[in-house]
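# take a look and give me a structure for this.
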Amino acid sequence: MPQTLSAPAHSELLIKKSRFIGCVQPMSDRASAQAVVQQLRQQHPGAAHVCWALLAGGQSAAVDDGEPGGTAGRPMLDVLRHQDLEGVLATVVRYYGGVKLGAGGLVRAYTDAVAQALLQAPKVALQKMRTLACSVPYALEGTVRRELEQAGAALGEVQHGSVVTLHFSLPEPASAPLVARLNELGQGRLAWVTD
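I've put the predicted structure just below:
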């Protein structure tokens, strides 16, 4: 099951005098990721490279930022994919220490920086959510609200007109049993609203 991160996590490695500062964090899209990378460049003006990898909403990126092709961004992206992560940005800021690491050494360094940060990162399972809406007479509003709360549904907008319309969302697997329960309780007086 795909996972994402609930908070950023950091790592720092010193390899042959080069300093690698890794960070993994939740990220929703490429534009947000590029903004974070730009901030890192400003925070670390003396850094030789700010490499990054992104997996978010079907978008992916692997940026070597001047390192030899395929030695930074791609290995970082592979770590994210291997751990089945989604909605995650991995960045590694490198301060060059004067000793060349070679292609294999760079791949290991960037991979390790991301892997070390992920060891401390709080992971959460991604759940597919379903959004529903139903209309009920005022007399049933309290009953429906109680059922939604017991099912762990997040109540959204509630509209009061000739009937009460409640919008809510909940994890996909829990939606069918809740729909069946509400239909039973409504005894034909509950109507599902479709967009």
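
# now the helices for the protein?
30-43, 73-82, 102-120, 141-151, 172-186 (DSSP state H).

# what helices and strands are in contact with the shortest one?
It stands for helix 73-82. Judged by 3 or more CB pairs under 8 Å, 6 or more residues apart in numbering; DSSP states H and E, helix 73-82 is in contact with strand 49-56, strand 59-63, strand 88-95, helix 102-120. The C-beta positions use only the backbone N, C-alpha and C, and glycine is treated the same way.

# hmm, 10 Å instead?
strand 18-26, strand 49-56, strand 59-63, strand 88-95, helix 102-120 (3 or more CB pairs under 10 Å, 6 or more residues apart in numbering; DSSP states H and E).

# got the contact list for the closest residue to Tyr110 other than its chain neighbours?
Nearest non-adjacent residue to Tyr110, counting by CB to CB, 6 or more residues apart in numbering: Ala72, 4.6 Å away. Ala72 sits next to 20, 49-53, 62-66, 92, 94, 106-107, 109-111, 113-114 when contact means CB atoms under 10 Å, 6 or more residues apart in numbering.

# of these, keep whichever come out buried.
Buried subset of those (neighbour count, 16 or more other CB atoms under 10 Å): 20, 49-53, 62-65, 92, 94, 106-107, 109-111, 113-114.

# quick one on the thing from earlier: tell me the spacing between the residue nearest to Tyr110 and Gly102.
13 Å (CB to CB, to the nearest Å).

# please apply the same query to Pro8.
30 Å.

# the more surrounded of those two?
Pro8 (18 against 10; other CB atoms under 10 Å).

# domain-wise, how is the chain divided?
Following automatic domain parsing, one finds the domains of the chain at 3-125, 129-192.

# pick the most deeply packed of these.
Among these, domain 3-125 has the highest mean neighbour count (mean count of other CB atoms under 10 Å), at a mean of 18.

# to the chain's geometric centre, what's the distance from stretch 181-195?
Relative to the chain's own centre, stretch 181-195 is displaced by 33 Å; criterion: CA atoms, centre = their mean, to the nearest Å.

# now stretch 50-65
Worked out by CA atoms, centre = their mean, stretch 50-65 lies 14 Å from the chain centre.

# for that stretch, how far is the first residue from the last?
6 Å (CA to CA, to the nearest Å).

# now do stretch 76-94
End-to-end for stretch 76-94, by CA to CA: 14 Å.
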